[in-house]
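**Q** coords please:
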Amino acid sequence: QVQLAESGGGTVQIGDSLRLSCAASGSTISRSVMGWFRQAPGKEREFVTGVSWDGSNTYYVDSVKGRFTLSRDNAKNTVYLQMNSLKPEDTAVYYCARSAYLSSSYVPTRPFDYLDWGQGTQVTVSS
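**A** The predicted structure is shown next:
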C-alpha cells in the first residue's frame, strides 16, 4: 500500500501562490494516475486536477484552469500542485490521491476511483 503525505499548505492573501507537494512512500507511484481533491467546510470533496501516469495528460476543473498547475516527478515519487492567483473560494483541505488506474492516460474525477489518500493539508485564502 502506498502512503501519501501532503505538505505546503498555509494561510495566504488573495492573489498569492502556494505549492503543494505530495510525497509517496511504501511503493512507487510512477505508473499511477494521480489526483488532487479538495473539501471545503460543509461541502463534498471535489476533484481539482489529475495527471496521467507519464504526465502526458493533465485535467483541471474549470474553476482552477489557468491558475493551478499539476506536475509529477516520478524519480522522486512526488506530485506537485502549483496554485497561483489564489481566491477565497480556493479555501479547503487539499488531498492527494492515487487512482486505481495504472499506465493510463485516463484521469478519473470521482473519489471512488482513487485507492490511497493523504491526510490533507489546509489552504486558507484570506480577503
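**Q** C-alpha only now, for contacts and for neighbours.
**A** Noted.
**Q** tell me the strands beside the longest strand along the chain, with direction?
**A** Among the segments of the chain that qualify as a strand by DSSP state E, the longest is strand 92-102. In its sheet, strand 92-102 lies beside strand 32-39 (antiparallel), strand 114-117 (antiparallel), strand 121-126 (antiparallel), with partners assigned from DSSP bridges.
**Q** how far away from the center of its chain is it?
**A** Per CA atoms, centre = their mean, to the nearest Å, the displacement of strand 92-102 from the mean C-alpha position of its chain is 6 Å.
**Q** list the buried residues for it?
**A** Residues of strand 92-102 classed as buried: 92-99, 101-102 (neighbour count, 16 or more other CA atoms under 10 Å).
**Q** which ones are touching the closest residue in space to residue 102 that isn't next to it in sequence?
**A** On the basis of CA to CA, 6 or more residues apart in numbering, the spatially nearest residue to residue 102 that is not a chain neighbour turns out to be residue 32, at 4.7 Å. Residues in contact with residue 32 (CA atoms under 8 Å, 6 or more residues apart in numbering) are 52-53, 98-104.
**Q** compare the strands paired with strand 92-102 and give me the one nearest residue 8.
**A** With CA to CA as the criterion, residue 8 lies closest to strand 121-126 of the strands paired with strand 92-102, at 7.3 Å.
**Q** quick one: buried residues of that closest one?
**A** Residues of strand 121-126 classed as buried by neighbour count (16+ other CA under 10 Å): 121-125.
**Q** the chain: strands as residue ranges?
**A** 3-7, 10-13, 18-25, 32-39, 46-51, 58-60, 68-73, 78-83, 92-102, 114-117, 121-126.
**Q** brilliant, that's me finished.
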